[in-house]
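Colleague: Kindly generate the corresponding structure for this input.
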Amino acid sequence: MTSPRKPIRKAVFPVAGLGTRFLPATKAVPKEMLTVVDRPVIQHVVDEARAAGIEHFIFVTGRNKAVIEDHFDSAYELERTLEQRGKTKELELLARDLPAAGQTSFTRQQAPLGLGHAVWCAREIVGNEPFALLLPDMLHHGDPPCLSEMITAYQEHGGNLVAVSPVPEDQTHLYGIVGVEDRAAKVSRITTMVEKPPRGTAPSNLHISGRYILQPEIFDLLERQERGAGGEIQLTDAMIRLAAQPDQPFYAVRFDGKIYDCGSKLGFLVANVAYALEREDLGPALKEEIAKLLQG
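Modeller: Okay, the predicted model is just below:
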């Protein structure tokens, strides 16, 4: 009789990046706190994790990121003022988004040594259990949410899982790409992983989209790993080494919703428009305003 799989209780959010592509906006405000409509980007990603049943949210931060910690804490003065003014709706909104005491942890990545290093910085908090990893720049918008689909797949297959999404064939050299046993399947075992393959050499057009479920053995590999592309400790390199072990299969979970790269200015702007258009209180009026702009 096989033992039950350990549940996915914890999620890691690497939020130490400098956000240089959004300067000067990010000179004093972390890029993760820029808003898509009226919610910070990082809040949208935490919402996805919470909807998937995540219980503990681990943020790997850097200098000048204290506002992220403040965002996921009580704001006594603000709440008291809202209460005095009878702003019940706003108070309920803040209470709904506030994690329970002890559900958040923050650890520092003191040097910008890459995504792999950021993940390694969370090792003591994650401990010896599988965990989710969500890149805040990449908003996955769909129903069911991306991480929920991944956890369902994990419960069936176990191992390590990577969310993937198709990109145009002429853009595969820009992404981490996976080869799979069955490109048409919702969940398929990964046969190869390549970081930014040269044009014409990609094993498929399925790119790694910024959502992962990883086994804790990844931490040992990251600790011993030499720096790779860009002089940084690359997560993909460690995943390739982990996948080479016979008891560490990797599966691709195809996400069929929309993905917005909020690490780019265009992706960030498109995300704002897309999310706003879905809102009953904003969508109709916004459509009219966009039509006016397009008419010149």
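Colleague: hey, let's count contacts and neighbours off CA atoms from now on
Modeller: OK.
Colleague: Now do the helices in this protein.
Modeller: All helices of the chain, identified by DSSP state H, fall at 41-51, 66-71, 76-84, 88-97, 115-120, 123-126, 146-157, 218-224, 235-243, 265-277, 283-294.
Colleague: Give me whichever of those helices is most buried.
Modeller: The highest mean neighbour count among the helices of the chain, using mean count of other C-alpha atoms under 10 Å, belongs to helix 115-120: a mean of 23.
Colleague: Just the CA trace of that helix, in PDB.
Modeller: Extracted as PDB, the C-alpha positions of helix 115-120 are listed here (Å, rounded to 0.1, in the frame of the first residue of the first chain):
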ATOM      1  CA  LEU A 115      15.200  32.800  -9.600                       C
ATOM      2  CA  GLY A 116      16.900  29.600  -8.400                       C
ATOM      3  CA  HIS A 117      18.600  31.400  -5.600                       C
ATOM      4  CA  ALA A 118      15.400  33.100  -4.600                       C
ATOM      5  CA  VAL A 119      13.700  29.700  -4.300                       C
ATOM      6  CA  TRP A 120      16.600  28.400  -2.300                       C
END
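Colleague: Sketch out the low-pLDDT regions of the stretch 101-250 of the chain for me.
Modeller: 227-231 (pLDDT under 70).
Colleague: Go through the helices of the chain and name the closest to Arg254.
Modeller: Smallest distance to Arg254 across the helices of the chain (C-alpha to C-alpha): 8.9 Å, for helix 146-157.
Colleague: Next, the angle from that closest one to helix 41-51.
Modeller: 30 degrees (axes from the mean of the first three to the mean of the last three C-alpha atoms, to 10 degrees).
Colleague: which secondary structure elements does helix 146-157 contact?
Modeller: Contacts defined by 3 or more C-alpha pairs under 8 Å, 6 or more residues apart in numbering; DSSP states H and E place helix 146-157 against helix 41-51, strand 160-166, strand 206-214, strand 250-254.
Colleague: which residues are in contact with it?
Modeller: Contacting residues not belonging to helix 146-157 are listed as 5, 8, 48-49, 51-53, 140, 160-163, 187, 211, 213, 253, 255 [C-alpha atoms under 8 Å, 6 or more residues apart in numbering].
Colleague: quick one: it to strand 206-214, angle?
Modeller: Using the same axes, to 10 degrees: helix 146-157 against strand 206-214 is 70 degrees.
Colleague: quick one on the thing from earlier: need the helices of the chain in JSON lines (columns: distance to Gly200).
Modeller: Output for those, formatted as JSON lines (distance: least, C-alpha to C-alpha, whole Å):
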{"stretch": "helix 41-51", "distance to Gly200": "33"}
{"stretch": "helix 66-71", "distance to Gly200": "41"}
{"stretch": "helix 76-84", "distance to Gly200": "55"}
{"stretch": "helix 88-97", "distance to Gly200": "45"}
{"stretch": "helix 115-120", "distance to Gly200": "26"}
{"stretch": "helix 123-126", "distance to Gly200": "37"}
{"stretch": "helix 146-157", "distance to Gly200": "29"}
{"stretch": "helix 218-224", "distance to Gly200": "30"}
{"stretch": "helix 235-243", "distance to Gly200": "20"}
{"stretch": "helix 265-277", "distance to Gly200": "26"}
{"stretch": "helix 283-294", "distance to Gly200": "37"}
